[in-house]
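Engineer: Could you look at this predicted model? Sequence included:
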Amino acid sequence: MKIVYWSTTILLAAFLLWSAYTYLFSKSTMDGVRALGFPDHFRIQLVVLKIIAVIILLIPQFPIQFKEWAYVGVGLFFITAIVAHTAHKDPFFITLMNLAFIGVTIASNVYLHKLKSL
């Protein structure tokens, strides 16, 4: 169980950090966020929130309630991304990627609770 929990959590954290990095330093990502109709300050808010979520999810000493709220925030990020990209008529693989990471988020959360119940 620990292997599944940490594998999904590290995969999720790596994606969130990569995403935060591209939101800050990739011109094409910045242009893409603007093309979706989001203001620039929203992009910066997402970077900060993703980094906070990664810290909370990776540090075992954080209370489980903090981790649950981090999962909620991450889930909302993926759902919002699906809605925005679908409305913008972006390629379907972007939606599939976000759906896959919703699955990774759910798996990480489920295995967190399984580990805590032992």
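Structural biologist: That came through fine.
Engineer: mind listing what the residue lying closest to residue 107 once chain neighbours are set aside touches?
Structural biologist: Closest residue to residue 107 apart from its sequence neighbours, by C-beta to C-beta, 6 or more residues apart in numbering: residue 8 at 4.5 Å. No exception for glycine: its C-beta is placed from N, CA and C like everyone else's. Taking C-beta atoms under 8 Å, 6 or more residues apart in numbering, we find residue 8 in contact with 104, 107, 108, 111.
Engineer: what's the answer for residue 102, then?
Structural biologist: Applying C-beta under 8 Å, 6+ apart, the residues near residue 102 are 75, 78, 79.
Engineer: Going by secondary structure, it is in what exactly?
Structural biologist: Residue 102 is part of helix 92-116 when elements are defined by DSSP states H and E.
Engineer: what comes up buried for that helix?
Structural biologist: 94-95, 97-98, 101-102, 104-105, 107-109, 111-112 (16 or more other C-beta atoms under 10 Å).
Engineer: Retrieve the pLDDT associated with residue 118.
Structural biologist: Reading off the confidence values, residue 118 has pLDDT 85.
Engineer: For burial, what's the neighbour tally of it?
Structural biologist: Residue 118 has 6 neighbouring residues, counting by other C-beta atoms under 10 Å.
Engineer: Distance check, the residue nearest to residue 107 against residue 20.
Structural biologist: 19 Å (C-beta to C-beta, to the nearest Å).
Engineer: got it, and residue 115?
Structural biologist: 26 Å.
Engineer: so which strand or helix has the most centrally placed residue in the chain?
Structural biologist: Closest residue to the average C-alpha location of the chain: residue 74 at 4.1 Å, with C-alpha atoms, centre = their mean. Using DSSP H and E, residue 74 falls within helix 64-87.
Engineer: That helix: which residues count as buried?
Structural biologist: 66, 67, 70, 71, 73, 74, 77, 78, 81, 82, 84, 85.
Engineer: Output these as a markdown table; include the columns distance to residue 44.
Structural biologist: Formatted as a markdown table, the buried residues of helix 64-87 follow (distance: C-beta to C-beta, whole Å):
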| residue | distance to residue 44 |
| --- | --- |
| 66 | 22 |
| 67 | 24 |
| 70 | 19 |
| 71 | 22 |
| 73 | 15 |
| 74 | 17 |
| 77 | 14 |
| 78 | 19 |
| 81 | 16 |
| 82 | 21 |
| 84 | 17 |
| 85 | 20 |
